[in-house]
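Trainee: Structural data only, the sequence is not supplied:
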């Protein structure tokens with residue numbers, strides 16, 4: 001995300017750096033990058049007991065977090081449970097509630113042998129990053145993340161999550177048929193050729209990257225000019241900052257405001 005000359009990224013000293021500028025990212029990655037900088041989220045995370053929950057690893061390599069109770073304060077932020085704000089979304093699983101996203105696919109599964117001829121599926125079929133969570137309702141939700149896109153797979157009827165099964169995909173209604181079709185196509189390509197998946201519109205969004213840099217600068221107490229230098233470069237700022245036009249100053253202020261807006265709740269809109 002931020003360029004290398006911006007320095008460390010994170011909610012506090014010692015935080016894990018953000019995603020590299022050239023690394024493709026999806027809406028859930030951006031959402032987490034802004035949320036993990038929120039000081040109120042950081043305070044809730046510090047007060048949480050336990051602060052960190054450890055997933056187990058299924059035999060197919062999928063991390064699985066099984067929750068024995070709900071975490072209402074984490075749910076207020078849109079999460080099943082608190083994720084470590086010092087880790088990026090690509091370095092540690094972040095489990096968003098399905099209600100936060102329109103990129104949810106419902107899969108009704110039957111153990112093999114009961115529905116001959118039905119499509120067969122197992123999590124190991126998907127050639128992308130996988131992480132699963134089972135909430136207190138007992139319904140597994142698997143996050144599948146490709147190079148620049150993601151889907152949430154909500155699975156019903158499968159006793160052992162890593163077992164192959166016959167699958168029927170379900171639609172709740174026809175209001176978002178185009179969106180559901182796009183998600184199913186993404187899921188299919190995650191099995192066949194993840195590199196062929198259509199890139200998320202957020203993949204390399206320059207305005208989001210600049211807003212994140214601006215937010216980091218503001219949280220660190222930097223001046224608008226210092227923030228502008230981090231984003232646009234010292235030469236450009238030296239030429240434009242004190243000129244007749246206020247464009248660069250106004251743009252920097254807008255980026256700081258946008259960064260704060262996304263941190264304070266606007267990140268929800270990025271989950272799409």
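Mentor: Thanks, I have it. As the structure is a computational prediction, the values presented were derived from the model and not from experiment.

Trainee: Please make it C-alpha for all contacts and neighbour counts, starting now.
Mentor: OK.

Trainee: ok, which stretches of this protein are strands?
Mentor: 56-57, 63-66, 104-111, 120-121, 129-134, 140-145, 150-156, 165-170 (DSSP state E).

Trainee: in its sheet, what does the third one sit against?
Mentor: The one in question is strand 104-111. Strand 104-111 has the following strand partners under DSSP bridges: strand 150-156 (parallel), strand 165-170 (antiparallel).

Trainee: Equivalent analysis for the fourth one, please.
Mentor: Strands adjacent to strand 120-121 in the sheet, as given by DSSP bridges, are strand 165-170 (antiparallel).

Trainee: Now the partner strand: buried residues?
Mentor: 165, 166, 167 (16 or more other C-alpha atoms under 10 Å).

Trainee: Closest one of these to residue 147?
Mentor: residue 167 (25.0 Å; C-alpha to C-alpha).

Trainee: how much space between that closest one and residue 123?
Mentor: 12 Å (C-alpha to C-alpha, to the nearest Å).

Trainee: For residue 34, give me its contacts.
Mentor: Counting by C-alpha atoms under 8 Å, 6 or more residues apart in numbering, residue 34 touches 212, 259, 262, 263, 267.

Trainee: how many neighbours does the second one have?
Mentor: In this case it means residue 259. Neighbour count for residue 259, taken as other C-alpha atoms under 10 Å: 25.

Trainee: Please look at it and residue 207 and confirm they touch.
Mentor: No - the pair residue 259 / residue 207 is not scored as a contact, 9.7 Å apart, by C-alpha atoms under 8 Å.

Trainee: need the buried residues of strand 165-170 in CSV with distance to residue 239 and pLDDT, can you?
Mentor: Below are those laid out as CSV (distance: C-alpha to C-alpha, whole Å; pLDDT from 0 to 100):
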residue, distance to residue 239, pLDDT
165, 63, 87
166, 64, 87
167, 61, 89
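
Trainee: okay, those in CSV with distance to residue 251 next?
Mentor: Shown next, in CSV, are these (distance: C-alpha to C-alpha, whole Å):
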residue, distance to residue 251
165, 53
166, 53
167, 50
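
Trainee: Report how many residues lie close to residue 209.
Mentor: Residue 209 has 21 nearby residues by other C-alpha under 10 Å.

Trainee: and if you look at residue 174?
Mentor: Residues near residue 174, counting by other C-alpha under 10 Å: 9.

Trainee: got a list of what it touches?
Mentor: No contacts exist for residue 174 under C-alpha under 8 Å, 6+ apart.

Trainee: Poorly predicted segments of the protein, please.
Mentor: Across the chain, the ranges flagged by pLDDT under 70 are 1-23, 113-119, 197-204.

Trainee: residue farthest from the centroid of it?
Mentor: residue 244 (40.7 Å; C-alpha atoms, centre = their mean).

Trainee: Relative to residue 142, how far out is that one?
Mentor: With C-alpha to C-alpha as the criterion, residue 244 and residue 142 are 53 Å apart.

Trainee: Then residue 252?
Mentor: Residue 252 is 38 Å from residue 142, by C-alpha to C-alpha.
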